[in-house]
Every structure is written in structure tokens, then in C-alpha cells.
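S.K.: Whatever this is, show me its structure:
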Amino acid sequence: MPAPAMGVPGGERLPTAPRERKPALAALAVLLILLGAFGAVLTVVRAGHKESYVEITQAVAAGDPIPESAIRSVDLSDDSGLGLIRWEQRDDLLKNFRAAVTLVPDSILSDKMITKKDNVLTQGKSLVGLSLQDGQFPRNSLSVGDTVAAYFVGNDAGKNSDSSDSSDSSSSGSSPQSTLISNKLIVKSIDVDTSGSGSGNTYVTVLADTADAGPLTIAASANDVSLVRVPAAGGN
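M.R.: Numbering: from 1, shown residues only. Model (predicted):
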């Protein structure tokens, strides 16, 4: 007699083994989520990240050392790419560098605005010494760092080649006139004669364009130069 057929009552299928989960894929998905979140946080942090840089608080003439009193820290984004001087570099700045151009308040210091301390003069600039008497400069209102204009004053100043002017001058006598030599000289030092010689002269050193140094020196040697204080470039 044949053996009874084996089967599942009611025609149901045999249960199958549960599918095997893939933990590696699940872990990768979690990792991607975490990386995405970290990237978002990093973007926010970088957007708000600031670095401290050197800001100028008072005018510093070209060629002068930069005093500590003329700088302060200012926070800016660190991706400017402008060669700005970091606040942490201030000690090196004060010891080894000086202004390459005239520095104005509220400007952020960059490497193009400074020069090594031994480079006292920038290209195209000269230091000119003037020996002045009272009346040739504003004695009570002249300070180091001021901008001044220099005038050649004397009987020969302002003369031109016009013959009629020459004849008028010769007939009426020479009259003092003035000719502008430069209106952008920077006062570098002021020293009063204390030698006891009785000259009473005041020695003023100015920073001038090299092209103006010759005429300025000639006028000064003849005691025919006068200084007038004027607003600094860009000033009111």
C-alpha cells in the first residue's frame, strides 16, 4: 500500500527563514547622516569664526615706527586674503617695522602698509632739515606728524620771464612774494636750539618728495622758506 503523500494541511506553504539583515549598509547610512550633520555644523562655525587683526587708531607718518598706542585689536573673518597683520604679530610689528605710507585712523593694517625698520625712507622720499626762525613756521601749533606746506619767500620768489613784470619790478623796487614748493611735507622732528649760541633757531626735519628736496634745501639755505600747517591728505 503506497505511503501517504507528505504535505501541508490546507495547502499552506512551508515557512521560510527570515531574510538576513545587512548591518554594514545600515551602519553606512548612519555614518552618512552623521557626516552631513557635522558638515552643516562646521559651515556654521566657520561662518562665525573671527580672527584678531591690527587696526590703526591714530595717524602715523610714513617712515615712522608704529607706537603701541596707535594700534588696537579688531575681529574680522579670517579668509580676507588681503595680507592683514594679525594681532598676535604685534610684538614683531612694533619692534621691527615702521609705516611705509602715512597710516590713517580706522584703517586695518596690511603688509603693503609697513616696511622693515631699517628701511627708513620709502622710494621717492627724502628727509630735509630746515633751520627756522620765529615767523617762519607756526611755533605754537606745529607738532610731529603734521602736514605742512613750504613756500619760497623772498624778493626773487614768484618771478617769471615776462619783461613787463621785470620792468615794473625794477621801477617799483623788489617786493616780497611767495612760491609754493610743496604742500604735502610731513613733520618728522622739531628741536629747539638749546646750545646757548643765541640763534634761537628751531630745527625742523620734514619728509618730502625727492623732487621737492632740492628746491626746499636751496630755499632753506638762503633762509627764504616758510612753513604753513595744512590739513593732512584726506582730512577735513
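S.K.: Buried residues, stretch 126-138. List them.
M.R.: For stretch 126-138, a neighbour-count test (16 or more other CB atoms under 10 Å) marks 126, 128, 130, 132, 136-137 as buried. (C-beta placed from N, C-alpha, C; glycine too.)
S.K.: Now tell me what touches that stretch from outside.
M.R.: Stretch 126-138 is contacted from outside by 63, 120-121, 148, 185, 188, 200-210, 213, 216-217, 220, 223, 225-229, using CB atoms under 8 Å, 6 or more residues apart in numbering.
S.K.: Could you identify the buried members of those?
M.R.: Using 16+ other CB under 10 Å as the burial test, those include 63, 148, 185, 188, 201-202, 204-208, 213, 216-217, 220, 225-227 as buried.
S.K.: from the buried residues of stretch 126-138, which two are the most distant?
M.R.: Spatial extent of the buried residues of stretch 126-138 (CB to CB) is set by the pair 126 and 136 at 20.2 Å.
S.K.: which stretches of this structure have low pLDDT?
M.R.: By pLDDT under 70, the weakly predicted segments of the chain are 1-25, 28-31, 34-49, 78-81, 118-120, 155-177, 194-199, 233-236.
S.K.: show me where it has helices.
M.R.: Counting by DSSP state H, the chain has helices at residues 23-48, 90-96, 163-172, 210-221.
S.K.: from what I can see residue 193 touches residue 204, true?
M.R.: No: at 11.7 Å, residue 193 does not count as touching residue 204 under the criterion of CB atoms under 8 Å.
S.K.: Residue 227 and residue 139, how far apart?
M.R.: Distance of residue 227 to residue 139, computed by CB to CB, to the nearest Å: 10 Å.
S.K.: Touching both of those two, which residues are there?
M.R.: By CB under 8 Å, 6+ apart, no residue touches both residue 227 and residue 139.
S.K.: all strands for this structure, in order.
M.R.: Listed in chain order, the strands of the chain (DSSP state E) span 50-56, 71-77, 97-99, 114-116, 125-132, 147-154, 177-192, 202-209, 225-230.
S.K.: could you dump those strands to TSV with distance to residue 91?
M.R.: Shown next, in TSV, are the strands of the chain (distance: least, CB to CB, whole Å):
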stretch	distance to residue 91
strand 50-56	11
strand 71-77	11
strand 97-99	11
strand 114-116	14
strand 125-132	27
strand 147-154	30
strand 177-192	25
strand 202-209	26
strand 225-230	35
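S.K.: Thanks a lot, catch you later.
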